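# predicted structure and sequence below. I'll ask about it afterward.
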Amino acid sequence: MAFQQGLSGLNSSSKALDVAGNNIANASTVGFKSSSSHFADVYGASLQGSTGSQIGIGSTLSAVMQQFTQGNITSTNNPLDIAINGTGFFGLSQNGSTTYSRNGQFHLDKDGYIVNDQGRKLLGVLANASGSIPNSQPEDMLKVDFVTGRPSPTTEASITANLDSRLTPATQYSETTSDTNADGVPDTVTAMDPTSFDPLDSDTYNTSTAMTVYDSLGNPHTLGYYFVKSEIPNQWYMFTTLDGAVNVDGAGDPEFTTMNFSSAGVLTSPATMPTLSYDVATGADPMSFDLNVSNVTQFGSPFAVNDLTQDGFTPGNLAGISVSKDGIIQARYDNGQTRDIGLVALFNFRNPNGLASIGNNQWTETGESGQPTPGTPNTGIFGVLQASAIEESNVDLTAELVNLIVHQRNYQASAQSIKTQDQILQTLVNIR
């Protein structure tokens, strides 16, 4: 009997050494979860049932249980390194099969898919055409566009600026009109002569600025603003140019917008935004966009432009990626645009120890694990994501080295029990 008991002890201790050795070997493996050996005693079946004199016949390895405790979080320089701080697994897809992992070391493949080192694609929910993320099942393979796609023409341009109320009016002209006051004396009216404006002649305007706008092909154009102070108090005229060409009216004269301000320097008219229309020589559609001048003021301080914005853009190349703690992936492009790509999904199981390990820090669903429950990071039971970071192995190296010593002693003791039984048998053989 001692031979069988000792042999089972050798076998159990050997497997325990294997488990400890595997933990130590993966002490630096990202997302690795350590395992512990569970043992059970073995008893022979007895027709008489259990008695107080029943002797066991050894031990057996009953289970190897993984410990899904949190590993330490370490920062990296890769924005697609994603660590889970809390509960959940990443979902990875390849050829229709899905595996689950805690290893968040991802990168982009040649097609823009977010993949792990084995080429499995990260699962989540892709944003729709408007950039919002629908509330749907996380069955999409997350993909980043290397370019923003089609260009978008400018539909609105906005300026925030202050016009200096202390400036002297620019070149004007005087016109004698009819006797509008019925006093017998023809009236003389000082007004702006639209034909006198010349963007190349600084005497015909007080101040100017410029910004870039885009046509339907994404070609950039320079929109010029020219402001002319009127003889009439609190009144200015605004002229515009596109690539140096003056915006003209139906008669071919320079077109302008009259801007009136209150005595407090706040714009009172125009109440609606003027619309500009230009033909461009690039093969693009004619440009037509609104000018928002509602944020222009007239104070007794120097001319200053605080903001120039417009909503058009040219196609841009991918410049960077960021991932929020809630799992939102956002792409940045070199044309200044940002776009929400999608949402990283997390999956949870009722019994994670029921998952089947297939190597490469991946598990598959089994009947023991139960079906995966998808969810959104930073909600409910699901953990928070941290970009540019990895979750280290949760192996306690010191504890595993101590386990090696313990299992080695157990192995030696089991071997000693076999040696002792051998000596006893040898004694019996030597009896004459």
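Done, it's in.
# and Asn410, which of the three is it?
helix (DSSP: H, G, I helix; E, B strand; the rest coil).
# so it touches Ser13, yeah?
Yes - Asn410 is within contact range of Ser13, at 4.4 Å (criterion: C-beta atoms under 8 Å). For the C-beta atoms, the positions are set from N, CA and C on the backbone; glycine is no exception.
# more neighbours: which of the two?
Ser13 (24 against 19; other C-beta atoms under 10 Å).
# any idea of the pLDDT on the residue nearest to that one when sequence neighbours are not counted?
Counting by C-beta to C-beta, 6 or more residues apart in numbering, Ser13 lies nearest to Tyr411, which is 3.9 Å off, once chain neighbours are set aside. pLDDT, the model's per-residue confidence, is 83 for Tyr411.
# Val125 and Gly342 touch, don't they?
Yes - using C-beta under 8 Å, Val125 is in contact with Gly342, at 5.6 Å.
# give me the common contacts of the two.
Ile133, Asp140 (C-beta atoms under 8 Å, 6 or more residues apart in numbering).
# compare the two (neighbour count), which wins?
Gly342 (25 against 21).
# next one: phi and psi at the more buried one?
In terms of degrees, to the nearest 10, the main-chain angles of Gly342 are phi 170, psi -170.
# distance check, it against Met141.
9 Å (C-beta to C-beta, to the nearest Å).
# and if you look at Ala129?
From Ala129 to Met141 the distance is 18 Å (C-beta to C-beta).
# burial count for Leu17?
18.
# stretch 285-300: how far from the chain's middle?
Put simply, stretch 285-300 sits 34 Å off its chain's centre (C-alpha atoms, centre = their mean, to the nearest Å).
# buried sites along that stretch?
Within stretch 285-300, the residues that count as buried by 16 or more other C-beta atoms under 10 Å are Met287, Phe289, Leu291, Asn292, Val293, Val296, Thr297, Gln298.
# among those residues, which ones are in strands?
Met287, Phe289, Leu291, Asn292, Val293, Val296, Thr297, Gln298 (DSSP state E).
# pLDDT score for the second one?
Read it as Phe289. Taking Phe289 on its own, its pLDDT is 93.
# so it sits against Thr275, correct?
Yes - Phe289 lies in contact with Thr275 (C-beta under 8 Å); the separation is 7.2 Å.
# all helices of the stretch 101-250 of the chain, in order?
In the stretch 101-250 of the chain, no helices are defined using DSSP state H, counting those that start in this stretch.
# oh, I was asking about the stretch 251-400 of the chain
397-430.
# before we move on, the earlier item: Ala129 and Met141: which has the busier surroundings?
Remark: of Ala129 and Met141, Met141 carries more neighbours, 19 against 6, as counted by other C-beta under 10 Å.
# and the closest residue to the more buried one other than its chain neighbours, what does it touch?
Nearest residue to Met141, sequence neighbours excluded (C-beta to C-beta, 6+ apart): Lys121, at 4.0 Å. Residues in contact with Lys121, defined by C-beta under 8 Å, 6+ apart, are Leu92, Ser93, Gln94, Tyr113, Ile114, Val115, Met141, Leu142.
# can you tell me which of those are buried?
Leu92, Ser93, Tyr113, Ile114, Val115, Met141, Leu142.
# can these go into TSV with extra columns for pLDDT?
Formatted as TSV, the buried ones among the contacts of Lys121 follow (pLDDT from 0 to 100):
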residue	pLDDT
Leu92	97
Ser93	96
Tyr113	97
Ile114	97
Val115	97
Met141	97
Leu142	97
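# export those residues to CSV and tack on distance to Asp193?
Formatted as CSV, those follow (distance: C-beta to C-beta, whole Å):
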residue, distance to Asp193
Leu92, 71
Ser93, 70
Tyr113, 63
Ile114, 62
Val115, 66
Met141, 64
Leu142, 61
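# pick the one among those closest to Leu163.
Leu142 (49.1 Å; C-beta to C-beta).
# give me the beta-bridge partners of Phe382?
Phe382 has these beta-bridge partners by DSSP bridges: Thr87.
# what number of residues lie near it?
22.
# same check, this time on Gly244
Gly244: 10 neighbours (other C-beta under 10 Å).
# how near is it to Tyr278?
12 Å.
# how about Leu346?
Taken as C-beta to C-beta, the span from Leu346 to Tyr278 is 50 Å.
# what mean pLDDT does stretch 168-178 have?
Mean predicted confidence for stretch 168-178 is 67.
# wait, what's in contact with the residue lying closest to Gln235 once chain neighbours are set aside?
Spatial nearest neighbour of Gln235, excluding adjacent residues (C-beta to C-beta, 6+ apart): Asn260 at 5.4 Å. Neighbouring residues of Asn260 by C-beta under 8 Å, 6+ apart: Asn234, Gln235, Leu267, Thr268, Ser269.
# measure Asn260 to Leu167 for me?
16 Å.
# re earlier: so which of the buried residues of stretch 285-300 is the closest to Pro377?
Asn292 (38.1 Å).
# my read: the closest one touches Glu156, true?
Yes - with contact defined as C-beta under 8 Å, Asn292 and Glu156 form a contacting pair (6.1 Å).
# shared neighbours of the two, anything?
Met273.
# quick check: which ranges of the protein have low pLDDT?
With pLDDT under 70 as the threshold, the chain has low-confidence stretches at 1-2, 44-54, 171-182, 184-192, 194, 432.
# can you give the domain ranges for the chain?
2-69+405-430, 73-149+317-391, 156-310 (automatic domain parsing).
# make CSV out of those and add distance to Thr398.
Listed next are the domains of the chain as CSV, based on distance: least, C-beta to C-beta, whole Å:
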stretch, distance to Thr398
domain 2-69+405-430, 11
domain 73-149+317-391, 19
domain 156-310, 58
